[in-house]
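Novice: got a predicted structure here, sequence first:
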Amino acid sequence: APWIARFISVDPMAEERSWVTPYNYVQNNPINRIDPDGALDDEWMIDVNTGEKTKIGDTGGSEMQIVHFAYQDPETGGYYEMGDTHFVKGSEFYYGRTAKGWGVSAHDYWSGIPEGYNRNSEGYNKKKHIYTVEDLKMREVYINSDIFKYHVQKLEAAGLAEPFGQEDWVNFHGVSYANKFRFEAGLSLSLPLVSAPAGQKQITPKRFNYTPRYNTTTTEKVFGYYGTDGNQVKYVGISNNPGYKSGQRFYTHISNTNSPVSKLNFEVRTAPMTRLGSRIWEQNRINIFGLGGKSGQSGILFNKINSISPKNWGQYGINPIK
């Protein structure tokens with residue numbers, strides 16, 4: 001009688017995949033895969049302990065990369081597969097750690113992230129922040145922005161990486177921390193600039209981007225802003241009256257023609273904050289970009305003085321980035 005849906009011999013390539021039973025067919029994935037000749041396909045194994053990848057086969061061409069994560073048994077030396085098999089279209093794939101384990105992508109979201117990027121980023125839950133998939137995607141946007149690239153790289157170099165999303169940022173620091181300083185906007189990096197509500201007069205000359213988001217939960221409306229030269233941040237400041245008209249903060253800056261600040265373009269970067277919250281926002285960014293307005297200062301900013309005295313940084317959770 002003919003054999004139906006059965007194998008009558010051992011897989012001749014079984015030894016090449018010691019972590020898979022020799023009685024499997026297409027590694028138990030017949031929906032996505034076929035095995036017309038019993039040969040190895042375009043397949044990789046990544047050791048989760050070392051991060052090293054091993055190419056198992058290369059007969060499938062450049063259409064698909066099949067990736068397994070496996071760990072090695074210290075006693076037997078054999079490998080055992082972990083989690084799902086990953087399929088990446090094309091001839092290349094990239095992989096790296098995420099908050100939920102290892103990730104695989106056709107795009108290199110892990111490029112440029114330094115070792116120890118989160119070594120000092122202990123949050124409210126006493127755990128170091130590991131980038132989520134969403135963080136990696138948002139980081140890709142900021143790292144390709146000339147304005148925010150320096151910001152992200154300096155945080156990572158100091159081991160102070162934080163979540164990019166506002167909700168994750170609040171969860172990382174804890175609700176009490178967020179409420180204490182009234183950071184209604186969370187990280188300015190994650191806050192899209194939107195138009196003021198209907199009926200609210202707004203100044204929008206070409207040179208300025210004045211589009212704060214109003215928040216009715218606070219009577220204080222102090223905004224954080226950047227002064228930029230091309231795509232580089234050269235000044236950070238706060239004001240409850242930004243704008244171009246006489247008496248407003250931006251007008252004061254450009255009127256003082258003896259100052260290099262007068263040549264900058266100005267842009268509101270936050271939702272309204274309390275006075276204390278705005279000072280903390282300003283000092284954190286001074287620490288990121290660095291004071292450079294006076295002799296002996298090595299930062300890129302035209303700012304000359306701190307917003308908050310260094311001796312008080314600890315009580316306000318300000319990061320002394322170096």
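Specialist: On my side now, so go ahead.
Novice: and the lengthiest strand in the chain, what does it pack onto?
Specialist: Of all the segments assigned as strand in the chain under DSSP state E, the longest by residue count is strand 79-89. On a contact count with 3 or more CB pairs under 8 Å, 6 or more residues apart in numbering; DSSP states H and E, strand 79-89 meets strand 64-72, strand 101-105. Yep, even glycine has a C-beta here, placed from its N, CA and C like the rest.
Novice: flag the shaky bits of the stretch 101-250 of the chain, pLDDT-wise.
Specialist: Residue ranges of the stretch 101-250 of the chain with pLDDT under 70: 124, 146-147, 166-167, 169-170, 173-220.
Novice: quick one, strands of it?
Specialist: 101-105, 208-209, 223-229, 232-239 (DSSP state E, counting those that start in this stretch).
Novice: need the winner for burial among those.
Specialist: Mean neighbours per residue, mean count of other CB atoms under 10 Å, is largest over the strands of the stretch 101-250 of the chain for strand 223-229, with a mean of 22.
Novice: secondary structure element for Asn284?
Specialist: In this structure, Asn284 sits in helix 275-289 according to DSSP states H and E.
Novice: can you dump the C-alpha atoms of that helix in CSV for me?
Specialist: What follows is helix 275-289, C-alpha atoms only, in CSV (Å, rounded to 0.1, in the frame of the first residue of the first chain):
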residue,chain,number,x,y,z
ARG,A,275,6.9,78.3,36.0
LEU,A,276,8.8,75.6,37.9
GLY,A,277,8.1,73.0,35.2
SER,A,278,9.4,75.4,32.6
ARG,A,279,12.6,76.1,34.5
ILE,A,280,13.2,72.4,34.8
TRP,A,281,12.6,71.9,31.1
GLU,A,282,15.0,74.7,30.3
GLN,A,283,17.8,73.4,32.6
ASN,A,284,17.5,69.9,31.2
ARG,A,285,18.0,71.2,27.7
ILE,A,286,20.9,73.4,28.8
ASN,A,287,22.5,70.3,30.2
ILE,A,288,22.0,68.4,26.9
PHE,A,289,23.3,71.1,24.5
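Novice: tilt between it and strand 232-239?
Specialist: Interaxial angle, helix 275-289 versus strand 232-239 (axes from the mean of the first three to the mean of the last three CA atoms, to 10 degrees): 170 degrees.
Novice: what's the angle from helix 275-289 to strand 223-229?
Specialist: Computed by the same axes, to 10 degrees, the angle separating helix 275-289 from strand 223-229 equals 30 degrees.
Novice: gap between Gly237 and Tyr244?
Specialist: Per CB to CB, to the nearest Å, Gly237 is found 15 Å from Tyr244.
Novice: quick revisit: need the strands of the stretch 101-250 of the chain in a markdown table (columns: distance to Val67).
Specialist: Shown next, in a markdown table, are these (distance: least, CB to CB, whole Å):
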| stretch | distance to Val67 |
| --- | --- |
| strand 101-105 | 5 |
| strand 208-209 | 43 |
| strand 223-229 | 41 |
| strand 232-239 | 39 |
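Novice: nearest to Ser278, of these?
Specialist: Shortest distance between Ser278 and the strands of the stretch 101-250 of the chain, using CB to CB, is found for strand 232-239: 4.2 Å.
Novice: helices or strands up against the closest one?
Specialist: Looks like strand 232-239 contacts helix 146-157, strand 223-229, helix 249-255, helix 275-289 (3+ CB pairs under 8 Å, 6+ apart).
Novice: for the ones you listed, give me a markdown table that also has distance to Gly165.
Specialist: Shown next, in a markdown table, are these (distance: least, CB to CB, whole Å):
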| stretch | distance to Gly165 |
| --- | --- |
| helix 146-157 | 14 |
| strand 223-229 | 19 |
| helix 249-255 | 29 |
| helix 275-289 | 17 |
